[in-house]
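Q: Need a 3D model of the sequence below.
(one chain, ligands or ions: 1)
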Amino acid sequence: MIELEQVGYDYGGGALFGDVSLSLPAGSFHFLTGPSGSGKTTLLKLCYGALRPTSGRVSAFDDDIAAANRDDMAKLRRRIGVVHQDCRFLDHIPVADNVALPLTVAGRDLVKEQDNLGDLLDWVGLTERADALPTELSGGERQRAALARAVILSPDVILADEPTGNIDWEMSQRLLRLLIDLNGMGKTVLIASHDLSLIRAAKSEVQARVLRISDNQVQLAGADL
Ligand SMILES: Nc1ncnc2c1ncn2[C@@H]1O[C@H](COP(=O)(O)OP(=O)(O)OP(=O)(O)O)[C@@H](O)[C@H]1O
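A: Okay, here's the model as predicted:
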C-alpha cells in the first residue's frame, strides 16, 4: 500500500533519515516509535506526500508520490486518512462540521451524507457533542473527533500521529480500540507513538509490527519492547 525505498530526508540541517526502507502492506497494523524529535511526524508526512523525500522513493498504491500531480495528490489524500498530532480543527465551527470537512472538500453532497456523518459520530461516541465547538471538547473527545474526520471518506490507510498524547489511559484504550476496529475492517493502520505501555497493551489485541526510529534509521523492534 505504502512503500518507502531507501528514503533520505533532510530539513536542511543534516540528514534526519539516511536510507529508510519500509513497507505497509494492505491490512497491516504498525506502530512507529522513537524518542521526541527522532522523526515520527516527518516519516508520516513522507508516507502521505506532505513531504517529498530528499532521496529515494515513496510509493502509495503502487504510484510514485514524486510523480503525482495535483489531482493525483487529491485522490491520494482521500485514500489516506491522517489524524494530526494537534488535531487541526476550525475552532469557529461545530464538531460535526469539522468532522464533515473532508466531504465538503471532496465535493460530496452533505445532505446525502448525513447518515454517514451521524453513524461516525455515534461510533466515536460524540453524538451528544456534535454541536459543541472544538474548544469545548476534552482532549479525548478532540482525538476521537479527529479520528472521525480522518475516516469519513473511508480511506484505505489511517496514519495517526500520537493520537493518545495528553489523554488518560482509559481514553487511550478507547481510542486504540477504535483503531483496532478499523484494522479489523481491513484498513491499514500506522500509529506513531512514544507510549510504549500503549504499544505493549495493543500487542495482546492486534497483530502489530513495531517500527523504531533510532540513529536515523527505522528498524523492526524485537520482542524485548
Ligand atoms: N519544518 C521543519 N523544519 C526544520 N526542522 C524540522 C521541521 N519539522 C521538524 N523538524 C525537525 O526534525 C526533527 C524530527 O521532527 P519530528 O517532528 O518528525 O519528530 P517526532 O519524532 O515526531 O517528535 P515528537 O515526538 O516530539 O512529535 C526534529 O529535530 C525537528 O526539530
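
Q: Could you check how far Ala67 is from the ligand?
A: 24 Å (Cβ to the nearest ligand atom, to the nearest Å). Bear in mind the C-beta positions are built from the backbone N, C-alpha and C, glycine included.

Q: mind starting the numbering at 82 from now?
A: Got it, the first residue is 82 from now on, which makes the last one we talked about Ala148.

Q: Packing partners of the lengthiest helix in the chain?
A: The longest helix of the chain (DSSP state H) is helix 250-265. The helices and strands touching helix 250-265, judged by 3 or more Cβ pairs under 8 Å, 6 or more residues apart in numbering; DSSP states H and E, are helix 220-232, strand 238-242, strand 269-273, helix 277-284.

Q: Mind doing that once more with 10 Å?
A: For helix 250-265, the elements it packs on are strand 110-114, strand 161-164, helix 195-204, helix 220-232, strand 238-242, strand 269-273, helix 277-284, judged by 3 or more Cβ pairs under 10 Å, 6 or more residues apart in numbering; DSSP states H and E.

Q: Nearest to the middle of this protein, which residue? Look it up for me.
A: When Cα atoms, centre = their mean is applied to the chain, the residue found nearest the centroid is Leu240 (1.9 Å).

Q: check contacts around it.
A: 83, 105, 111, 113, 124-126, 128-129, 161-165, 231, 269-273 (Cβ atoms under 10 Å, 6 or more residues apart in numbering).

Q: May I see the PyMOL selection of the buried members of those?
A: Burial among those is assessed by 16 or more other Cβ atoms under 10 Å; the matching PyMOL selection reads:
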select buried, resi 83+105+111+113+124+125+126+128+129+161+162+163+164+165+231+269+270+271+272+273
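
Q: for the ligand, what are the nearby residues on this protein?
A: By Cβ under 6 Å from any ligand atom, the residues of the chain that approach the ligand are 92, 97, 115, 117-123, 275.

Q: again, only using 5 Å
A: Along the chain, the residues adjacent to the ligand under the rule Cβ under 5 Å from any ligand atom are 92, 117-123.
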